[in-house]
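>>> I'll drop the sequence and a predicted model, then ask my questions.
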There are 2 protein chains.
Amino acid sequence: MRKASITIKEIARQLDVSKSTVSRALRDSSEISEETKKRVIELAESLNYSPNPIALSLLRNRTQTLGIIVPDIANPFFSTAIGGVEDIAYSRGYHTMIYQSHESYERELADTRHIAMRRVDGLIVSISSQTENHDHFIELQEQGIPVVFFDRVSESTPSHKVRVDDYKGAFEATEHLISRGCKCIAHIAGPPNLSISRNRLKGYQDALTKHGIEFHDEWVVSSEYNQAGGTERAYQLMALKNRPDAIFAASDRIAIGVHWALRQLGYRMPDDIALVGFSDLSISSLLDPPLSSVAQPSFEMGQLAATLLLDLIESKSTPAAFETRVLTSNLIIRQSSMKELVSN
Amino acid sequence: MRKASITIKEIARQLDVSKSTVSRALRDSSEISEETKKRVIELAESLNYSPNPIALSLLRNRTQTLGIIVPDIANPFFSTAIGGVEDIAYSRGYHTMIYQSHESYERELADTRHIAMRRVDGLIVSISSQTENHDHFIELQEQGIPVVFFDRVSESTPSHKVRVDDYKGAFEATEHLISRGCKCIAHIAGPPNLSISRNRLKGYQDALTKHGIEFHDEWVVSSEYNQAGGTERAYQLMALKNRPDAIFAASDRIAIGVHWALRQLGYRMPDDIALVGFSDLSISSLLDPPLSSVAQPSFEMGQLAATLLLDLIESKSTPAAFETRVLTSNLIIRQSSMKELVSN
DNA sequence: CTGAAAGCGCTTACAG
DNA sequence: CTGAAAGCGCTTACAG
């Protein structure tokens, strides 16, 4: 049903010149007379000609397209980061193809293969929580398709990476809770496969150690980065004989689940229990009480990842070394953790 | 930097047969001997051959790609609908390219041109609130690229459409507020360019009329479909001499802004004022008090739009007639509107 | 059963 | 200044 688009051949026919001449005129080649150029360009415009990008792709072996794989497009952290990628990509003449892994290794693998098959020029990825083996990214690179990781990076894959200082963010969040007088601080960590989970956990532990706060194994549990997981873990933690008086959740989605559970269970935040999340989603400030959280510059992370990737794609040579850019996180204190300081 | 992928030509060379033979063997043509087929297929597998989709696209004048334009990818309604589109598209061998209009007509226009240029096989779109002129969609169709609208449909463009019964949803939401004893029901409508806004407004008005409730012009205000707009309008409404005792917001994003404003202003929901939204975003149930809302089957809407579009793309003939599929909305009653019934 | 040739839309040495 | 030819990777009538 597709109407035939108008081609260079058609213009050549109408003007009774060769395809070569039309092609050159359109690209404003200096070897074509002004006269001919003018005729060609005018006709092209009146015919509403636009070059077939498919033909160009075949010629150049480039698609001007970036692939993006994220676990879940509906997660505001990722959709915002994607916005940052698009921002840079479009301004540099590239398109984006978005894939979701849905936290599944199989799906991520399939996406990667698809991307290779589609001859995408490069990939930006935040890995799935179930991914342990990272060979598919290496394979992609061996095929000449550069990969840049953001947020959930692969530690074992040599490549550019963009992340936030998870350790410091978690450390500060925990110190903040300590400074508000919390003594029994629990942590709901993310899946251990992900380096962000491990770094946030470490930041939490080190903050406790620094302040000589006792560390209970039972107060550290792990959850997928979603709300349902947070709710479950909150029930589990609050059921303990030694109940925590604060929870630091490894993500806002987890924290939102916790927030909901705590309200269900009749606890008041921050008096009965303080809560801090990670990512500072825009909804977090709307909860009642509003959620304290470690803010991540998601849009900027997307922009930076795209910039690094495009530079990689467009440079003729392999880069001297891969870099890891670490952006700063920023603790936003709101009511959920503003426990009154009582002198005792 | 891209490594040359292995091609049919390379396989032909190694096996000392012609490209034609390789091509046929790979497509399992009956005119090739089993013997040759086997050799070709084995070598292809060991070489990890995959056909170049760009070459195929050039040949067939088809890209196996669907374009999607939504106002904002970070809006959960849209990201979920996109999930539905992807679900169907992938299972039928298509890819998706996602564009955001950011509620801007210019951006939507640019996206449309891009899509035409990229020779996408079809477009799924939910129009921007600032779009009044719909010619760009007609042009796309004239170029042979079918368009299917969902949610925010174009009334003037002949095409398949997928939407929800906005009128009925709004009518029921308003009747529900009336049944809870509300007498002064305000409505924060969406931008009037959008048919969904007009239909929801009409549903609201007709419900009032049916029950003989007075209709005040000052109680109907309009806002962009976002939170900031909801907050502003709530301030405006509550400042009125004749204060409403209920607000029906045309979307959950608006309602969330209202919810926040009401809490700031010291009103209790639902006792001081009842609130109902539209879309039933997953966060709405987490607010305190949880928000009543008219649920839309967003994932299904995406699936249906994709199915209609793919059928259009793959059918040789123009469809007998375009259809508008209207899915049912569903009022979810939560605490924000569960006003106690007082007998007086 | 297999191959040579044309063609999808374009660019670019190579001639003239 | 302009054109004919080759080629990007593939398929498919057309011959044999």
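Looks like it arrived, so ask away.
>>> where does the prediction get shaky in the stretch 201-344 of chain A?
For the stretch 201-344 of chain A, the stretches with pLDDT under 70 are A:316-319, A:342-344.
>>> which residues in it form strands?
For the stretch 201-344 of chain A, strands defined by DSSP state E, counting those that start in this stretch occupy the ranges A:220-222, A:246-249, A:274-279, A:292-295, A:324-327, A:330-332.
>>> ok, which of these comes nearest chain B?
strand A:274-279 (13.1 Å; C-beta to the nearest C-beta). The C-beta positions use only the backbone N, C-alpha and C, and glycine is treated the same way.
>>> following element in sequence after the helix or strand harbouring A:S57, please.
Using DSSP states H and E, A:S57 sits in helix A:53-60. Per DSSP H and E, the first helix or strand lying C-terminal to helix A:53-60 is strand A:65-70.
>>> ranges for the helices of chain A?
Taking DSSP state H to define them, one finds helices in chain A at A:8-15, A:19-26, A:34-46, A:53-60, A:76-91, A:105-117, A:135-142, A:166-179, A:195-210, A:227-238, A:252-265, A:298-314.
>>> nearest to B:Q205, out of those helices?
Within the helices of chain A, the stretch nearest B:Q205 is helix A:76-91; the backing value is 34.1 Å (C-beta to C-beta).
>>> what about the closest one, average pLDDT?
Taken as a whole, helix A:76-91 carries a mean pLDDT of 93.
>>> how about A:D271, what does it touch?
A:D271 makes contacts with A:K339, A:E340, as judged by C-beta atoms under 8 Å, 6 or more residues apart in numbering or on different chains.
>>> by contact count, what packs against the helix holding A:S57?
Packing partners of helix A:53-60 (3 or more C-beta pairs under 8 Å, 6 or more residues apart in numbering or on different chains; DSSP states H and E): helix B:53-60.
>>> and the pLDDT at the closest residue to A:I138 other than its chain neighbours?
Sequence neighbours aside, A:T157 is the residue nearest to A:I138 in space, at 6.1 Å (criterion: C-beta to C-beta, 6 or more residues apart in numbering or on different chains). Listed pLDDT for A:T157 reads 94.
>>> pretty sure A:T157 is touching A:D135, no?
No - if you go by C-beta atoms under 8 Å, A:T157 and A:D135 don't touch, sitting 9.0 Å apart.
>>> looking at these two, which one has more neighbours?
Ranked by neighbour count (other C-beta atoms under 10 Å in any protein chain shown), A:T157 and A:D135 place A:T157 first, with 19 against 12.
>>> what sits in contact with each of A:T157 and A:D135?
By C-beta under 8 Å, 6+ apart, no residue touches both A:T157 and A:D135.
>>> ok, and which of the strands of the stretch 201-344 of chain A has the densest surroundings?
Looking across the strands of the stretch 201-344 of chain A with neighbours counted as mean count of other C-beta atoms under 10 Å in any protein chain shown, the highest average goes to strand A:246-249: a mean of 32.
>>> contacts for that strand next, please.
So strand A:246-249 is contacted by A:170, A:173-174, A:177, A:180, A:182, A:184-188, A:204, A:230, A:234, A:237, A:255, A:258, A:273-278, A:337, A:339 (C-beta under 8 Å, 6+ apart).
>>> of the residues you listed, buried ones?
A:170, A:173-174, A:177, A:180, A:182, A:184-188, A:204, A:230, A:234, A:237, A:255, A:258, A:273-278, A:337, A:339 (16 or more other C-beta atoms under 10 Å in any protein chain shown).
>>> next, the residue nearest to A:L310 when sequence neighbours are not counted: phi, psi?
Ranked by C-beta to C-beta, 6+ apart and with sequence neighbours excluded, the top spatial neighbour of A:L310 is A:R92, at 5.5 Å. In terms of degrees, to the nearest 10, the main-chain angles of A:R92 are phi -110, psi 20.
>>> neighbours of A:R92, just the number please.
Applying other C-beta under 10 Å, I find that A:R92 has 15 neighbouring residues.
>>> same check on A:S104?
A:S104: 16 neighbours (other C-beta under 10 Å).
>>> please apply the same query to A:T131.
When neighbours are defined as other C-beta under 10 Å, A:T131 has 24 of them.
>>> still on that earlier bit, how far away is the residue nearest to A:I138 from A:T307?
Distance of A:T157 to A:T307, given as C-beta to C-beta, to the nearest Å: 19 Å.
>>> same check, this time on A:D271
Applying C-beta to C-beta to A:D271 and A:T307 gives a distance of 45 Å.
>>> with A:E218 instead?
44 Å.
>>> between the two, who's got more neighbours?
A:T307 (19 against 12).
>>> that one and A:I88 touch, don't they?
Yes - contact criterion C-beta under 8 Å: A:T307 and A:I88 qualify, at 5.6 Å.
>>> can you work out which residues contact both of the two?
Counting by C-beta under 8 Å, 6+ apart, A:T307 and A:I88 have no contacts in common.
>>> outline the domain layout of chain A.
A:8-51, A:62-164+A:297-328, A:166-296+A:331-337 (automatic domain parsing).
>>> residues near A:Q143, how many?
Neighbour tally, A:Q143, other C-beta under 10 Å: 15.
>>> for the stretch 51-200 of chain A, which residues score under the pLDDT cut-off?
If you take pLDDT under 70 as the line, the stretch 51-200 of chain A has no such spans.
>>> within range of chain B, give me the residues from it.
Contact residues, the stretch 51-200 of chain A versus chain B (C-beta under 8 Å from any C-beta of the partner chain): A:52-55, A:57-58, A:61-63, A:73-74, A:76, A:79-80, A:82-83, A:86, A:95-98, A:100, A:114, A:116-119, A:121, A:142-146.
>>> could you rerun that using 6 Å?
With C-beta under 6 Å from any C-beta of the partner chain as the criterion, the stretch 51-200 of chain A meets chain B at residues A:53-55, A:57-58, A:61, A:73-74, A:76, A:79-80, A:97-98, A:117-118, A:143-144.
>>> only whichever of those residues are buried, select them in ChimeraX.
One line in ChimeraX is enough to select the buried members of these, burial here meaning 16+ other C-beta under 10 Å:
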select /A:53,54,57,58,73,74,76,79,80,97,98,118,144
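>>> of the residues of the stretch 51-200 of chain A next to chain B, list those near DNA strand D.
Counting by C-beta under 7 Å from any atom of the strand, A:A55, A:L58, A:N61 from those sit close to DNA strand D.
>>> dump those residues to a markdown table, plus distance to DNA strand C.
Compiled in a markdown table, these are given as follows (distance: C-beta to the nearest atom of the strand, whole Å):
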| residue | distance to DNA strand C |
| --- | --- |
| A:A55 | 3 |
| A:L58 | 5 |
| A:N61 | 11 |
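>>> out of those residues, flag the one nearest to B:L26.
Distances from B:L26 to those, taken by C-beta to C-beta, are shortest for A:L58, at 18.7 Å.
>>> burial count for A:E86?
Using other C-beta under 10 Å, A:E86 has 23 other residues around it.
>>> skipping adjacent residues, who's closest to it in space?
Of all residues not flanking A:E86 in the chain, A:T96 sits nearest, at 5.6 Å (C-beta to C-beta, 6+ apart).
>>> nearest to DNA strand C: which residue in the stretch 101-250 of chain A?
A:R119 (14.3 Å; C-beta to the nearest atom of the strand).
>>> what's near enough to touch the residue nearest to that residue when sequence neighbours are not counted?
Spatial nearest neighbour of A:R119, excluding adjacent residues (C-beta to C-beta, 6+ apart): A:T63 at 5.3 Å. By C-beta atoms under 6 Å, 6 or more residues apart in numbering or on different chains, the contact list for A:T63 reads A:S57, A:R119, A:D121.
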